[in-house]
Structure formats: C-alpha cells, structure tokens
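Q: here are the coordinates; sequence isn't available:
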RNA sequence: CGGGGUGUGGCGCAGCCUGGCAGCGCGACUGGUUUGGGACCAGUAGGUCGCAGGUUCGAAUCCUGUCACCCCGACCA
C-alpha cells in the first residue's frame, strides 16, 4: 500500500496558508475557477452550504419584519453619480453595458453593433443603494408608509483586480437589506439590530466568533454616515470582515429625494440604512474551522450532517447492509436538530471504502457512519466525528440514533469553543507602538490587537506602512482613558487592529 | 495597474538552456486479483505543446508580438 501524506490536504496550514485554502476548496468540491476571469463556479456542495445560510438568514430577516423583493441587475450610470462619495468608492470597479446587440465582425466573430450603442450606459450593480433608493423615492409619500423594510437576495459585480475563491470574486452572491425610516434614531436602531442579527448568525449558526464594532472613517462604506461590521479572526491571524450594516443618514435620501410628509404636514427627508452579507461567509467558514484534512462544517450548515458508508464484499452482504443503512437513515431522519430533520446521506457509490471515507472527511461532514456486516450482525454502528478526527468507535445502534442530535449540538458547540479559544489566544492588548510593530512583524503570527488610537491621517500612514488595518471600535469596548499609540493624543476607547483579507 | 511566474491529454508536471518520432504520474475506461478502508496487475482511450507571426531543411524548444491565469503589491466585501 502506498504511503500517503499524513494529512489529506497538502500543503498544510502551517506550510502555506493561502495554498492550503485553495486546496480545501478544491478537495471539498465547493467551487472551481470558471472561464470568466475572476468568477467562480459554485458546485453543489458549496452551493448547498450557501442555501443553508440563506434559509437561516432569511428566517431571521423575516422575524425582524423585513420582506424580500427584487430590483434590476442594471443601474443607469447617472444614478451612481448622485451621491458623490458613493461614485468615488465604486466607479473604479464597475462593469459597464454599452450596447444591446451584436453583429458579425468583418474580421470574423462578433462585435457590439455600433448602431446599437445605448444612449446611457448601464452599470451592472456593484450594490443597489441607488436603484433601490430611486424606487423608494416613488414608494414613499407619507409617514404612514414608513418604515420600509426590504431585503434582496442577488448577485453583484465588482471588477476586483485580484480575486480569491469566495473571499473576493468579481461576481458574488449576497443579500442586501435596504430600509427607510422616519427618524434618525429609528434608522440607527435598525442598523444596530441587523448588526446583531449578523453577529448572532455568525456565532450560533457558523460557530464563528465575531467582534461587533464601528468602522473608522477610512473604512466606512462610501456614502455612509456610520458603518458597523462583524469581524472574525481566521486561523492565519488575519481578520475577515464578515458582514456590514450601514447607517446612511440622509445622504442618499437627499441625493435621491427620498422624502415624505410628516405628521405635521411638512415634507422632510427620510433616514436610510443598508446591510449585507455575501458568499464571503463561506470563505470565513472554511478558514475558521477547517484543518489539514480539509473542510470541517458546523452541523447547522452542513448539507449532510451524517453520511452513512455501507461496506460489503458481495451482493448478499450488499442487500443486508443496504437495508440496515436505509432503516438507519430513516430513524435518523425522524430526529430533529436545529428545528429541522437530520440531513442524512447514504453513499453507495461503487468506490473503494477508503477513498469514499476520505472524500467525506475532506467535505467536512460532521458525523461519518460506517456500516459493515459485523455492525449489522451486532446491531451497532461505527461512528466518527469530523471535528475530533480519529477513526471513530462502535456504538449500539439505538444509542447512536437517540444521541445523534445531541452529538451534533456538541460538535456545533465544540467548534465555537475551539474557534473562540483560538481567537482569544491570538488577541493582545497593546500599549506602545514598538509592541505593536513587534506584534505585526513579518515573522510574528499576528492576530488581533486592542489599542488606544485617534483616527486620522497620521495613524493611517503608519498602519499602511505596517500593512495593518483598523478593523473596528468594538461596541462592547469599555470607556477607559489612554493615549493613541500612533500620535500620543488622548483616547477614550481601544480599537481592534489586524492584518485583513 | 506595477513587479515576478506559468501556459504541454480531464488534473498535476517533465522536456525548452544545447531545435531532430510528444513523455511521465494521477484520473477515466476494460478485464482480472483484492476488500473494515486513500489497493494491485494487465490493457485501452485521450494532446496539431495558449494564440499569431518570424527564423530554420526541420520549432513544444530560438526570436517578436499577443492573450489568459497564478503569486506579491496597490485597490476593495
């Protein structure tokens, strides 16, 4: 038997983290590069994870009073021009549609027909504030129309110069919430509410601990008054912005005439918010839990929570083993976890057992059950947890079924605990610039640094030189007196700093 | 968009320096042997060497141009 590497994924995380990431995506069959630059094909296993995220998030949005709608993929170019900062932020990465017809090219092939040039170019949406804002302006007349609480599931395009599977692709899938409110306070409350929804989802569904906080001025969404984010720490010590919620003030309302008559009959501008998470969450999920054997999925999001692998030598054994597997599947499906029937898959493909087993290890299925004639005879199962590794152990069938949901809950909790511990171990309170520089030295592991700071050009310049970014000012940060490590100016709060994706 | 690198069967690569029959590994398929585990043996299929031009008796190999992708920056969810 040929000796294999000790781990299913090569290189390991320690050897080359970016390459390890690519290999995990490939080995787990999540996605692949496409024929279009910067765009990926999301394969069934990867898309099923996204569908689970969608289902759960969608429920949370609806539970907080939002409704889904759909707006056009195309945005007239002039719409983008209305909010000055917004243009500046997105103009450099827009795909532009200029023609509506092709014709044969005299040199062969096709070309856009010169006669079919659009009067006004259309932008493929990089985000939909402008087109949705313009629509809201028509919807809104009276204070009685408020609040408007809308979410859209969509694809957007940002022509990024450098792309990475799930983390940054030219086209990506996301949801964008857009709301309109009568008062500033109500809009601010909405912004924070949705940030909390995201934090709840990250921690309780993805088992990914996050820090909720407010972005500094330079990291703010173009056109926003305040941007809040949830920040997670990946295993390589880099931070990932996993979700954002923006308080847009009246910037877009004024740019797009989103106004209404208030109770006193005066026409006033409304207050708007927007918030979103994307398929980037899948990248965060991968980099939070996966190990050198591939993907590790939290049970809440796993397309299959249990995979059953029948083992047999001949047709007679096959019949017995498969019948046993199918009844086991039915028993497991009668159990519930996270308010849903267990998702159980039998893999009866004509492949060697070992290879099949490793495929499911690399795909990250939380519980693997191997059933052979011996288990059938003994009325047992041979089960292994993905999160703890190892070969697994024999368990009486009834006991396994009765405890399956609890085991999944244990795995979910164990993943969150493990990730939280890793995050906390890679977190430091730093009080001087020298410490800060040492913490983020090329050879250092990096991580999160809580520091006193005063936002401004001086800090930005120093951070840029160190390739470190201000992630956010944590909401739960206590007020404490200190001095900015970059400028020495007095500061009342610590911010979180890290290298970032 | 700046710096570096790579384009050769489905995938991963060698060959290029020094021009001379297009190779290897994995995968696929067929047959056999195996079977509580990423198997073994034998055989089969599959490539005008990214594209265009040039040099040459002859180009995967040398020259020019071009396109794509990857990595490192800058920009960004």
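A: Everything's here; your move. All values reported here derive from a predicted model rather than from experimental measurement.

Q: could you list the low-pLDDT ranges of the stretch 51-200 of chain A?
A: Residues of the stretch 51-200 of chain A that meet the criterion pLDDT under 70 lie in A:107-108.

Q: where do the strands sit along it?
A: Secondary structure of the stretch 51-200 of chain A by DSSP state E, counting those that start in this stretch: the strands cover A:67-68, A:74-76, A:96-99, A:102-104, A:110-112, A:117-124, A:148-157, A:171-181.

Q: between the ones you listed, which one is closest to residue A:495.
A: Closest approach to residue A:495 among the strands of the stretch 51-200 of chain A is made by strand A:171-181 (25.8 Å; Cβ to Cβ). Bear in mind the C-beta positions are built from the backbone N, C-alpha and C, glycine included.

Q: rewinding a little: so which of the strands of the stretch 51-200 of chain A is the most packed in?
A: Of all the strands of the stretch 51-200 of chain A, strand A:171-181 has the most neighbours on average by mean count of other Cβ atoms under 10 Å, namely a mean of 22.

Q: helices or strands up against it?
A: helix A:44-63, helix A:129-139, strand A:148-157, helix A:184-200, strand A:271-278 (3 or more Cβ pairs under 8 Å, 6 or more residues apart in numbering; DSSP states H and E).

Q: and it, which strands flank it?
A: strand A:148-157 (antiparallel), strand A:271-278 (antiparallel) (DSSP bridges).

Q: in stretch A:424-440, which residues are buried?
A: In terms of neighbour count (16 or more other Cβ atoms under 10 Å), stretch A:424-440 has its buried residues at A:426, A:430, A:433, A:436-437, A:439-440.

Q: hang on, I meant stretch A:359-376
A: Within stretch A:359-376, the residues that count as buried by 16+ other Cβ under 10 Å are A:359-373, A:375-376.

Q: mind checking which of these are in strands?
A: Applying DSSP state E to the buried residues of stretch A:359-376, the entries found in strands are A:367-371.

Q: redo these as a markdown table? Include distance to residue A:451.
A: Shown next, in a markdown table, are those (distance: Cβ to Cβ, whole Å):
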| residue | distance to residue A:451 |
| --- | --- |
| A:367 | 42 |
| A:368 | 44 |
| A:369 | 48 |
| A:370 | 50 |
| A:371 | 54 |
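
Q: just give me the closest of these to RNA strand B.
A: Distance to RNA strand B across those (Cβ to the nearest atom of the strand) is lowest for residue A:370, with 3.6 Å.

Q: where does chain A have low pLDDT?
A: Low-confidence segments of chain A, defined by pLDDT under 70: A:1-6, A:107-108.

Q: so how far does stretch A:92-103 reach from one end to the other?
A: Criterion Cα to Cα, to the nearest Å; first-to-last residue distance in stretch A:92-103 is 29 Å.

Q: what about it, near RNA strand B?
A: Yes: counting by Cβ under 7 Å from any atom of the strand, RNA strand B has neighbours in stretch A:92-103: A:92-93.

Q: show me what that stretch is in contact with.
A: Residues outside stretch A:92-103 that contact it (Cβ atoms under 8 Å, 6 or more residues apart in numbering): A:74, A:77, A:80, A:110-113, A:115-118, A:121-124, A:126, A:157-160, A:170.

Q: distance between it and the chain's centre?
A: Put simply, stretch A:92-103 sits 29 Å off its chain's centre (Cα atoms, centre = their mean, to the nearest Å).

Q: if we can go back for a sec, to RNA strand B, which of the strands paired with strand A:171-181 lies closest?
A: Closest among those, once you apply Cβ to the nearest atom of the strand, is strand A:271-278, at 4.7 Å.

Q: other SSEs contacting the next helix or strand after the closest one?
A: The element immediately downstream of strand A:271-278 (helix or strand, assigned by DSSP states H and E) is helix A:280-289. For helix A:280-289, the packing partners by 3+ Cβ pairs under 8 Å, 6+ apart come out as helix A:17-27, helix A:44-63, strand A:239-247, helix A:397-425.

Q: report the contact partners of the residue nearest the centre of chain A.
A: Nearest to the mean C-alpha position of chain A, by Cα atoms, centre = their mean, lies residue A:281 at 1.2 Å. Contact analysis of residue A:281 by Cβ under 8 Å, 6+ apart lists A:53, A:202, A:206, A:242-243.

Q: ok, of those, which one's closest to residue A:476?
A: In terms of Cβ to Cβ, no member of the contacts of residue A:281 lies closer to residue A:476 than residue A:202, at 15.0 Å.

Q: quick revisit: out of the helices and strands packed on strand A:171-181, which one sits most buried?
A: For the helices and strands packed on strand A:171-181, the largest average neighbour count (mean count of other Cβ under 10 Å) is found in strand A:271-278, namely a mean of 26.
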